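> Next comes the sequence, and after it the predicted model I'd like to discuss.
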Amino acid sequence: MELRFCPVCAGTLATRVDEQDPQKLRLSCPDGHWTHWDNPLPVLAALVEVDGKILLARNAAWPEKNFALITGFMERGETPEQGVARELKEETNLDADIISLIGVYEFIKKNEVIIAYHVRASGDINLSPELVEYRLIEPQKLRPWNAGTGHAVADWMRSNGYDPVYAEWPSG
């Protein structure tokens, strides 16, 4: 989304040099009403364990071989743990029984910060329209990808005694 107008006065936004860091440019209102800081968005990720297996899902917009963790954005008024439980329910119909933090990861390419959790879940899997298929994989057979949530998968594997072997994220 390209921002062009101040959300306060509707004036045309201009690019200016940041006062604290001259290396950074900021989009801002010439009258000083508003500045677009372009801060990273927090994204929640769930490494979901169901009956001892790990659930990976494919987003409808992805190529056929791409499967990953359940992810989503926090909503106002919820904790990260509440958000990851809500996203899990919305996207898979599963209930989050036990939630534990794996770690926090940069995803600079998408200007996001990923907060990843291991979620032990129960219930019957029923995917939302956002997801088109899923796989349940033995933990030792997981192959983390070298980006975003893949690092959380690798860290979780290490913490559970598995030696992760990275795979390429399939394209096309």
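That came through fine.

> Can you list the buried residues in the longest helix seen in the chain?
Across the chain, the longest stretch assigned as helix under DSSP state H is helix 80-92. Under the neighbour-count criterion of 16 or more other CB atoms under 10 Å, helix 80-92 has 80-81, 83-88, 91-92 buried. All C-beta spots, glycine's among them, are computed from the backbone N, C-alpha and C.

> continuing past that helix, what's the next helix or strand?
Of the helices and strands lying after helix 80-92 in sequence (DSSP states H and E), the nearest is strand 95-107.

> Give me the residues contacting that next one.
Identification of contacts with strand 95-107 by CB atoms under 8 Å, 6 or more residues apart in numbering yields 40, 43, 46-47, 81, 84-85, 88-89, 113-123, 147-149, 151-152, 155-156, 159.

> Extract the C-alpha trace of that strand and format it as CSV.
As requested, the backbone C-alpha atoms of strand 95-107 are provided in CSV (Å, rounded to 0.1, in the frame of the first residue of the first chain):
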residue,chain,number,x,y,z
ASP,A,95,-8.0,-25.8,20.5
ALA,A,96,-4.7,-24.6,22.0
ASP,A,97,-4.2,-26.7,25.1
ILE,A,98,-0.6,-25.7,26.0
ILE,A,99,1.2,-22.7,24.6
SER,A,100,5.0,-22.1,25.1
LEU,A,101,7.3,-19.6,23.5
ILE,A,102,9.9,-20.9,21.1
GLY,A,103,11.4,-17.5,20.3
VAL,A,104,11.3,-14.2,18.5
TYR,A,105,12.6,-13.9,14.9
GLU,A,106,13.3,-11.2,12.4
PHE,A,107,11.7,-11.3,9.0
